[in-house]
Each structure stands twice: as structure tokens, then as C-alpha cells.
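Next input, structure requested:
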Amino acid sequence: MFDGRDTRLAASGWDVDMTLPDAIITPMRHKPEKHFSDVTWRERLAELDLVPDLGEDIGSVRWFRGLGTLTLLSVAALALLPDYGPIYGAQPPMPTDAEFEESRAQMIMPIAYGSDSGKRMAATDAVVALAGSPERPRIELAASLGRGDSFARVLQRSGVGGTEAADVTRMVSGVTPLSAIEPGTMIDIVLGTRPAKNQARPLESVAFRARFDLNLEIVRDGGSLRLNRKPINVDNTPLRIRGTVGDQGIYRSARAAGAPARAIQDYLKVISGRTSLSSIRPTDEFDIIIDYKRAETGEVKVGDLLYAGVDRDGKSAIQMLKWTLGDSSQWFEASGVGESKGALSRPVNGPVTSGFGGRRHPILGYMRMHSGLDFKAGYGQPIFAVTDGVVAFAGRKGGYGNFVQLNHGGGLASGYGHMSRVAARPGSKVRRGQIIGYVGSTGLSTGPHLHYELYRNGRAVNPMSVKFTQRAQLSGSDLTRFKGNLQRLKSVKAGAALTPLRTAPQVDEAPKREIDRLTLRDSRTLPSG
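I've put the predicted structure just below:
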């Protein structure tokens, strides 16, 4: 039997044969060890572990060798990635002029580019040149009058000769002012056959709408031009819109009733100057009257707001009528009292830097009366009139530099000094808020600012102590005409301007054929019966 001795024997160099009944122990034959120089490079490479498991022996030399192998393999894989760029093939050469013309002849060219296709061939003997190109016997044009354009220039640009354009302009101006022709008016022009190519075509006819109620037509009758007037029936009944304010407010209720948006805005502006809009109750009624014109041709022209009223409990609480007094229009109450102008407005947008009273002059260096207010403002900033007035002086005035003085009536006047430029002319009328000059530093001034003064009966007063209110009042014949116009507007029924318009009766033309004339004469002479 094999026991522990066998192990000891094997360990001591004896070869034990376990197949025999009795173990025959023979000495082991030791294989000769190879020297390092006898090991081939293949065996050395096989023994080298280049791809160890990186999950074991982390941090050892073997692990770092495996990490280096992984890095080199990754870099090699990235370096050997294929390129996905485009592959350029051989480009065909550009066609020559002959090849291009050959391909062009087979194209279908659009009309916008002349539609020139097909091959060009030289003319043969069968082609005879024309002595002159034929012309159209008449040309029909449609021109539009632009803003700032003149009627005569429109005609001349359309091909009308200078002499005929002047004749047409003179004939039209004798009927209506040329400035009354609205921009955008379409003018139909017909030109006839010209006698020679170096002459303008003769004018056959000109037709356009000169006014809302008038069409004009100028036609050639024989050898001269004749003007025909074609009046248009126009209904001038004002458009009156009434309704209850309701919970939605005046604007939405008036829009629902058919009032234009611009008219409602003007209405609210007028009413807010008379009373607070928050005081108008939902049960109150608004009353709006607008200038309104209707032509029998179907056109409608909506004008300005004429009347603004508010009715409470069936009675007129507010009645405001637009009325022209002199050269300006404003709103008047039913009693003939005009709107109030209120306090004087500021002449420039800027704070007050020096008040009214005694002070040391910044240039002269001694105490001196400062008879106005200094406003801080930048150079070139506009200066506004504090209220309506007439320019009494505009020019250079001593230490004031460029100076403007306005007279406002009632012994009240205002002055504006140190302007860089004057924008008002002596004797002209200015409105409140109109630009009369620009801020500067002329005269005795240390920098750009506005020196503003206010005079009462020729004496300078503190502008901060004056509250000026201007209120117009009608009297005499003006008040009579005002009340008559107010009564006429209030007599217009709501919606009367929207009723069908009666057109002018059409006159039957005279029959052109003899048989038609005989038939018409016999029908008129037949006895009734």
C-alpha cells in the first residue's frame, strides 16, 4: 500500500510506481533545467501577462502594466477610425459659349426674363424691313395724384403735352381749387394717335373725381377740349348715435351702437373736460353727432365730431357743440360759453433753478433783481408758448440774447430769453404748446437755460403767483347762429343718415335709330283710354 512514505520518497527524489503490487521504488530522473540564454523569445512572450485582470492586485506593477496596455490599445483604435468625409468625384468642365447657346435654345424661359428661347437665325431675302413700326391708335392710362404732387405734373408724366396739360389745369382750377383734389385720386387719361413720332400724343379725354360731390370730364370735341361737369347727389345729414351707457361703459356701448372709434375718443375727451367720466351713471344716455356724407355712388365720408351730450333722467345735462370763432375752432356749451384754457403751462421741460426776486448776478457780480424764472434745460431743447398769443417781439435784445415776447390779451404778456434760435415771427399768432424757439446761452448767460418772464400791464410779476384762465363767450349774432345750429343738430333723428339715399332720376337717352324714334313718337301721341 502507498502511504506517507511514498510522499517522502517522491519528495526525496525516488520514483514510485503505484501500479505494481509491491511498490517498486526507483530513483527519479531529474530533467535538466534550461539556462536563461536557452529560452526562446516566444516562450518569454508567452510567459508575459500583458492583459491581466484590472480588478485584481490594484496598484501593483502587474496592474499598471495592464492599464498601459489598455491605454495603448484605445489610442490605436481611435487612430485607426475610418474617415466619413465626402468623396469628391470628377467635376464636369464649364460649358463653352457655343454649348451654352445650344442648351439655351432648348430651354423654356419665363416671360419675366424675356422668354427668349430658340435658335437665332439670320434673316433671308423673304424678310422685308418695315418703313416704320405701327403704333397703337389710342392709349388708356390711369394715374394717381400723390401727396405733394401737382395736377399738371401728373398729366405730363402720363404723356400729355405741356400746352394741353396747362389748358386742362386751367379748366379744372376754374371749377374747383386744385388743392381741394385729395391725394390718391385716380385720373383716367386717354391719348390719341400722334401725328409724328417726335410729337406728343393728343389728349382725347381726362376723367376724375374732383370733389366728393363732383365728377369732371374733359373730352376733345372737334379740335378743342370741352369740360363736362357731372354732379353727384350727396346727402349731408349728420349721423346721430344715441344709447344707454350701461354697465360696459360709454366706449363699448357706443361702439356697439355703430359709432366710429375715433369719434368716441373725441367724445370722451370733450366730456372729460366738462365732468368726470366716473360720475356718469349706467342709466345715463350718450348723444353723439358726427359729420357724415353719403354719395349716390355708394361712397361714405365720415367727418369730425360735431356734438357731444349726456342726458340724465330724460334731460340734457351736458351739451357741447364745436364752433368756429375767428380762425380757430373750440367747444362751447349750449349757453355759448367756451372751454377754459386753465393755468399757464410750463415753457420748457425742466426744473426751476433760480426764482423770482433779488440775487447776485453770476456774471456782473452784484445784487440785482431777477425778474423771472430760470429753467434748467439742454442746449437745443424746444421752448413752448405758455398759452395762445401774438408774437410782439422776436430777435436780439441786449442781455436777454435772442428773445421772444408774446402778448396774450388782458394786459398779460410773457418773455423768453437766451434762445439759441428763434422759431417765431413778429406779428404771427401762436397756440398754446407751439414751439417758439430753442434753448441756448446767448446774451448774459453762463450756460444753456431758459429765462422766462411774465408781465402784467407792462410790469414783470412772479410767474408762480399768476393763474391765468381764458374763457370765450359768444354774444350777439354769433350766439344767435350758434343756438340755431345747435337746434338744427338736435332735431336730427338718430339713424336718419342711414336711411336709403334717393338717387337722381335717370333721363332716357334719345333713340339712335329712326325706327325707335317713330315708335317713341307714336307711343306719346296715342290717346289714353
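
tell me, how many neighbours does the nearest residue to residue 200 once chain neighbours are set aside end up with?
Leaving aside its sequence neighbours, residue 200 sits nearest to residue 161 (Cβ to Cβ, 6 or more residues apart in numbering; 3.7 Å). The C-beta positions use only the backbone N, C-alpha and C, and glycine is treated the same way. Applying other Cβ atoms under 10 Å, we find 17 residues neighbouring residue 161.

residue nearest the centroid of this structure?
Centroid-nearest residue in the chain, with Cα atoms, centre = their mean: residue 147, separated by 16.9 Å.

A strand includes it, no?
No. Residue 147 sits outside any strand when classified using DSSP: H, G, I helix; E, B strand; the rest coil, being coil.

start at 57 instead
Happy to do that; since the first residue is 57 now, the last one works out to residue 203.

And for it, nearest residue in space, chain neighbours not counted?
Closest residue in space to residue 203, ignoring its immediate chain neighbours: residue 239 at 4.1 Å, by Cβ to Cβ, 6+ apart.

for this structure, what spans make up the helices?
Along the chain, counting by DSSP state H, helices occupy 60-67, 97-103, 117-135, 153-160, 207-213, 218-229, 306-312, 317-328, 532-546, 570-581.

Tell me which of those helices sits nearest to residue 249.
Relative to residue 249, the nearest member of these by Cβ to Cβ is helix 218-229, separated by 14.6 Å.

Render the CA-only coordinates of that closest one in CSV, please.
Taking C-alpha atoms only, helix 218-229 is exported to CSV below (Å, rounded to 0.1, in the frame of the first residue of the first chain):
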residue,chain,number,x,y,z
GLY,A,218,-47.2,120.8,-72.0
THR,A,219,-49.7,123.0,-73.7
GLU,A,220,-52.7,120.7,-73.3
ALA,A,221,-51.7,119.9,-69.7
ALA,A,222,-51.7,123.7,-68.9
ASP,A,223,-55.2,124.0,-70.7
VAL,A,224,-56.6,121.2,-68.6
THR,A,225,-55.2,122.6,-65.4
ARG,A,226,-56.7,126.0,-66.2
MET,A,227,-60.1,124.5,-66.9
VAL,A,228,-60.2,122.4,-63.7
SER,A,229,-59.0,125.3,-61.5
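
Counting neighbours, what do you get for the residue nearest to residue 203?
Neighbour count of residue 239, defined by other Cβ under 10 Å: 10.

Low-confidence regions, the stretch 307-456 of the chain specifically.
The stretch 307-456 of the chain contains residues with pLDDT under 70 at 382-383, 393-400, 414-424.

Tell me where the stretch 107-256 of the chain is predicted with low confidence.
Scanning the stretch 107-256 of the chain for pLDDT under 70 picks out the ranges 169-176.

how about 90 then?
107-126, 129, 133-194, 202-206, 214-219, 234-236, 249-256 (pLDDT under 90).

before we move on, back to that, distance check, the residue nearest to the centre of the chain against residue 235.
Here the criterion is Cβ to Cβ, to the nearest Å. By it, residue 203 lies 12 Å from residue 235.

In the protein, spot the strand with the most residues.
Criterion DSSP state E: the longest strand present in the chain is strand 356-368.

which residues touch that one?
If you take Cβ atoms under 8 Å, 6 or more residues apart in numbering as the criterion, strand 356-368 is touched by 268, 294-295, 316, 319, 322-323, 326-327, 331, 336-337, 339-351, 372-378, 387, 542, 545-546.

Great, nothing more from me.
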